[in-house]
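**Q** Starting from these lines, generate the structure:
(chains A, B, C and D, ligands or ions: 2)
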Amino acid sequence: MDRVVELEIPARPEFVGVARMAVGALAGIRPGLAYERIDDLRIVVSEACTSAIEMLAHQPPPADGRPAGLRLRCIDGPKTLEVRIEAPGSAFDSAFPASEPEADVDTFRISLIRALVDDAELRTTPGGAELCLTLHRDAAAVDVDGDDLPG
Amino acid sequence: MDRVVELEIPARPEFVGVARMAVGALAGIRPGLAYERIDDLRIVVSEACTSAIEMLAHQPPPADGRPAGLRLRCIDGPKTLEVRIEAPGSAFDSAFPASEPEADVDTFRISLIRALVDDAELRTTPGGAELCLTLHRDAAAVDVDGDDLPG
Amino acid sequence: MDLGLDVTERDGYTVLAVRGEVDVYTAPRFRERLIELVSEGKHRIVIDLEGVDFLDSTGLGVLVGGLKRVRSHDGDLALVCTQRRILKVLEITGLTKVFTIHESVDAAVGDGQG
Amino acid sequence: MDLGLDVTERDGYTVLAVRGEVDVYTAPRFRERLIELVSEGKHRIVIDLEGVDFLDSTGLGVLVGGLKRVRSHDGDLALVCTQRRILKVLEITGLTKVFTIHESVDAAVGDGQG
Ligand SMILES: Nc1ncnc2c1ncn2[C@@H]1O[C@H](COP(=O)(O)OP(=O)(O)O)[C@@H](O)[C@H]1O
Ligand SMILES: Nc1ncnc2c1ncn2[C@@H]1O[C@H](COP(=O)(O)OP(=O)(O)O)[C@@H](O)[C@H]1O
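**A** Numbering: from 1, shown residues only, chains lettered A, B, ... in the order given. Ligands and ions are numbered 1, 2, ... in the order given. Now for the predicted structure:
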């Protein structure tokens, strides 16, 4: 059975650590993700949030005056862990640029996202953009009935 | 300025650690809460979530078949950190019992909640109950303009 | 989330070293291990809490449950704890008066308790 | 979130030991400290990453920025790193070819670089 954790943080630098900690704790619950892969996921989540925060910082503030937020939907399934990060506007363009990135950091970011999760997909949503990150669990550790949690 | 972090977890034991980690990370952002008080808050958040999870486990599952969730709303203000934990039904009764608690653990829980946060208040909400936990920041570390974050 | 439970025998005592976070998710394993030990006839138990990163009322319940269980066999259960944050939890709940608390496993097994 | 930045002088090198998490929140302090050092005339810098718990592209940008800065003064900037997870990040981004990476501060300052 899939279990969903949702997290919404203000799109500000100081909250990226909260997202990393929550995702890291969640990723450790079920078997099938080694410490090293959880560390990798923490980096990619950090990259995604940072990309969105930097992009939003260069955009005019929203009309309603409320600070923009990042919404993380973590789908803790028996075979995969998905982290979907939704942000207003075209928040992930520096992670998925249309042309060759200019700044070093953007190149670094793109390399890390590509290398450290099994899948990263960008979607357009009614409210903005959603970056969907997927890790496949180690098959040997995944239970046959698809539910390896007690209770 | 207040900043709000929202977290929703399934009301199941394995997710209490996610709530603790997220709240712990959030509490460390602004000055005015020593490590020890953040640890205290982590315990009380754990007590509150556990109380709700145990209570909900003894109730019939919701009519829509969806597993119950716990919603945490963390209000990261310049002078206080508030964590509001909302759950369906009368989820916090073991933390705020009408009569003397029978089980040892309930006594422990109540003592810890009383001792470890500056304020704990139970409210009834349309969807169930909300336990509102408050920590006051150390006044010496709180900025006069009420906004001690950069940016 | 990791919970480590290591059992060793020392001078007639059974030492259960607990590592990691004890909460509503991990406590059942801790409780079962204790029940197992008692049913194997281990009635002089020392629980070493030095490796514990987190402990809430659920974990305290397991400790008290273990104590009651060994006492019903005329045994004893002592704790090893020097961590301030764990001692604080034991103090707030009045359990520093219920448990004998030692500064080390050496002290616990050399002390003639139980 | 803690970021520790400790500066010491060793055999003609300035050693900046970084502790904690380097991300979009903490990187500005790290960048400023580096800029400060360079503007104080420290152009032979060793950055000790052994105490770093987390490093993402933002932190890598600070390292590269520092390297460019000291090179524009004919200086050099080397890293100390043995942590696998940090080395992995440096490898994926091609920076193991850009930076000299040492196994210890001793090796970095005794090595005749810069
Ligand atoms: N959480 C707890 N708090 C206080 N006492 C407990 C707790 N759990 C168990 N006990 C005590 O320990 C003994 C055994 O109970 P328990 O560990 O729940 O096993 P069982 O379910 O087999 O009775 C009982 O005396 C009970 O009162
Ligand atoms: N994130 C970065 N990625 C790559 N290079 C950088 C980065 N930051 C700075 N640099 C490089 O470091 C040098 C100084 O830039 P920077 O540290 O941003 O200070 P300033 O804003 O004063 O130019 C420039 O050569 C720049 O290209």
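
**Q** Disregarding flanking residues, what is the spatial nearest neighbour of residue 6?
**A** Here I'm looking at chain A. Spatially, and ignoring its direct neighbours in sequence, A:Glu6 is nearest to B:Glu8 (4.3 Å; Cβ to Cβ, 6 or more residues apart in numbering or on different chains). C-betas here are computed from N, CA, C, even on glycine.

**Q** um, chain C though
**A** For C:Asp6, ignoring the flanking residues on the chain, the nearest one in space by Cβ to Cβ, 6+ apart is C:Ala17 at 4.5 Å.

**Q** That neighbour looks like it's in a strand, true?
**A** Yes. Note on C:Ala17: a strand contains this position according to DSSP: H, G, I helix; E, B strand; the rest coil.

**Q** SS state for the residue nearest to A:Glu6?
**A** When the structure is split into helix, strand and coil by three-state DSSP, B:Glu8 lands in strand.

**Q** Read off the pLDDT value for it.
**A** We note a pLDDT of 98 for B:Glu8 in this prediction.

**Q** Which residues are in contact with it?
**A** For B:Glu8, the contacting residues are A:4-7, B:69-72, taking Cβ atoms under 8 Å, 6 or more residues apart in numbering or on different chains as the criterion.

**Q** redo that, cut-off 10 Å
**A** For B:Glu8, the contacting residues are A:4-8, A:73, B:15, B:19, B:69-73, B:86, by Cβ atoms under 10 Å, 6 or more residues apart in numbering or on different chains.

**Q** Could you do A:Cys74 as well?
**A** Neighbour list for A:Cys74: A:3-7, A:19, A:22-23, A:26-27, A:41, A:45, A:81-85, A:133, B:9, B:18 [criterion: Cβ under 10 Å, 6+ apart].

**Q** What about these, which are in strands?
**A** Among the contacts of A:Cys74, the members falling in strands are A:3-7, A:81-85, A:133, B:9 (criterion: DSSP state E).

**Q** you'd agree C:Ala27 is up against C:Gly66?
**A** No. Counting by Cβ atoms under 10 Å, C:Gly66 is not a contact partner of C:Ala27; they are 11.4 Å apart.

**Q** Of those two, which one has the most company?
**A** Using other Cβ atoms under 10 Å in any protein chain shown as the criterion, C:Ala27 and C:Gly66 rank with C:Ala27 on top: 25 against 22.

**Q** Tell me which stretches of chain A form strands.
**A** Along chain A, counting by DSSP E, strands occupy A:3-10, A:69-76, A:80-88, A:119-125, A:128-136.

**Q** To what extent is whichever residue of chain C sits closest to ligand 1 buried, counted in neighbours?
**A** Closest contact between chain C and ligand 1, by Cβ to the nearest ligand atom, is at C:Gly61 (2.3 Å). If you count neighbours by other Cβ under 10 Å, C:Gly61 ends up with 22.

**Q** contacting residues for the nearest residue to it once chain neighbours are set aside?
**A** Nearest in space to C:Gly61, with sequence neighbours left out and distances taken as Cβ to Cβ, 6+ apart, is B:Val105 at 3.9 Å. Under the criterion of Cβ under 10 Å, 6+ apart, the contact list for B:Val105 reads B:47, B:50-51, B:54, B:94, C:27, C:56-62, C:64-65, C:93.

**Q** Go through those and say which is closest to A:Pro61.
**A** Nearest to A:Pro61 among the contacts of B:Val105 is B:Glu47, at 38.6 Å by Cβ to Cβ.

**Q** wait, isn't the closest one in contact with C:Asp56?
**A** Yes. Judged on Cβ under 10 Å, B:Glu47 makes contact with C:Asp56 at a distance of 5.7 Å.

**Q** Of those two, give the one with the bigger neighbour count.
**A** Under the criterion of other Cβ under 10 Å, the comparison of B:Glu47 against C:Asp56 puts B:Glu47 first, with 31 against 27.

**Q** got a list of what the closest residue to that one other than its chain neighbours touches?
**A** If you skip the residues right next to it in sequence, B:Glu47 has B:Arg109 as its closest partner in space, 4.9 Å away by Cβ to Cβ, 6+ apart. Residues near B:Arg109 by Cβ under 10 Å, 6+ apart: B:43-44, B:46-48, B:50-51, B:54, B:94-97, B:101, B:103, C:56-58, C:60-61, C:93.

**Q** one more time with 7 Å
**A** In this structure, B:Arg109 makes contact with B:47, B:51, B:94-95, C:57, judged by Cβ atoms under 7 Å, 6 or more residues apart in numbering or on different chains.

**Q** how close does the residue nearest to C:Asp6 sit to C:Lys42?
**A** When distances are taken as Cβ to Cβ, to the nearest Å, C:Ala17 and C:Lys42 turn out to be 14 Å apart.

**Q** circling back to that earlier point, show me which of the contacts of B:Val105 has the smallest pLDDT value.
**A** B:Ser94 (72).

**Q** What about that residue, how many residues nearby?
**A** Neighbour count of B:Ser94, defined by other Cβ under 10 Å: 20.

**Q** quick one on the thing from earlier: so which of the strands of chain A is nearest D:Arg33?
**A** With distances scored as Cβ to Cβ, the stretch of those nearest to D:Arg33 is strand A:3-10 (26.3 Å).

**Q** Find the residue at the geometric middle of chain A.
**A** The central residue of chain A, meaning the one whose C-alpha is nearest the mean C-alpha position (Cα atoms, centre = their mean), is A:Val45 at 4.0 Å.

**Q** any idea how far A:Phe15 is from B:Val44?
**A** Remark: distance between A:Phe15 and B:Val44 (Cβ to Cβ) = 22 Å.

**Q** and if you look at A:Thr50?
**A** In this structure, A:Thr50 lies at 31 Å from B:Val44, with Cβ to Cβ as the measure.

**Q** and C:Leu49, what does it touch?
**A** Taking Cβ under 7 Å, 6+ apart, we find C:Leu49 in contact with C:18, C:79-81, C:86.

**Q** still on that earlier bit, which residues touch the residue nearest to C:Asp6?
**A** With contact taken as Cβ under 7 Å, 6+ apart, C:Ala17 is in contact with C:6, C:48, C:51.

**Q** Just the pLDDT at the second one, thanks.
**A** pLDDT, the model's per-residue confidence, is 98 for C:Asp48.

**Q** Can you tell me the SS state at it?
**A** Secondary structure assignment for C:Asp48 (three-state DSSP): strand.

**Q** Roughly how far does it sit from A:Ile85?
**A** Using Cβ to Cβ, one gets 42 Å for the distance from C:Asp48 to A:Ile85.

**Q** who's more crowded, these two?
**A** Under the neighbour definition other Cβ under 10 Å, C:Asp48 and A:Ile85 were set side by side, and A:Ile85 has more, 26 against 21.

**Q** wouldn't the more buried one be in contact with A:Leu131 here?
**A** Yes. Distance between A:Ile85 and A:Leu131: 4.8 Å, which falls inside the contact criterion (Cβ atoms under 7 Å).

**Q** just checking, A:Leu33 touches A:Arg137?
**A** Yes. At 5.9 Å, A:Leu33 counts as touching A:Arg137 under the criterion of Cβ under 7 Å.

**Q** Can you report how many residues lie near A:Gly127?
**A** For A:Gly127, the neighbour count with other Cβ under 10 Å is 11.

**Q** and it, what are its phi and psi?
**A** According to degrees, to the nearest 10, the main-chain angles of A:Gly127 amount to phi -90, psi -10.

**Q** quick revisit: near ligand 2, list only the ones from the contacts of B:Glu8.
**A** Among these, no residue sits close to ligand 2 (Cβ under 6 Å from any ligand atom).

**Q** quick one: which of those is nearest to chain C?
**A** Closest approach between these and chain C, by Cβ to the nearest Cβ: B:Phe15, at 8.1 Å.

**Q** for chain A, longest helix please?
**A** Using DSSP state H, we find that the single longest helix of chain A is helix A:35-57.

**Q** where's that one relative to the chain centroid, distance-wise?
**A** Put simply, helix A:35-57 sits 6 Å off its chain's centre (Cα atoms, centre = their mean, to the nearest Å).
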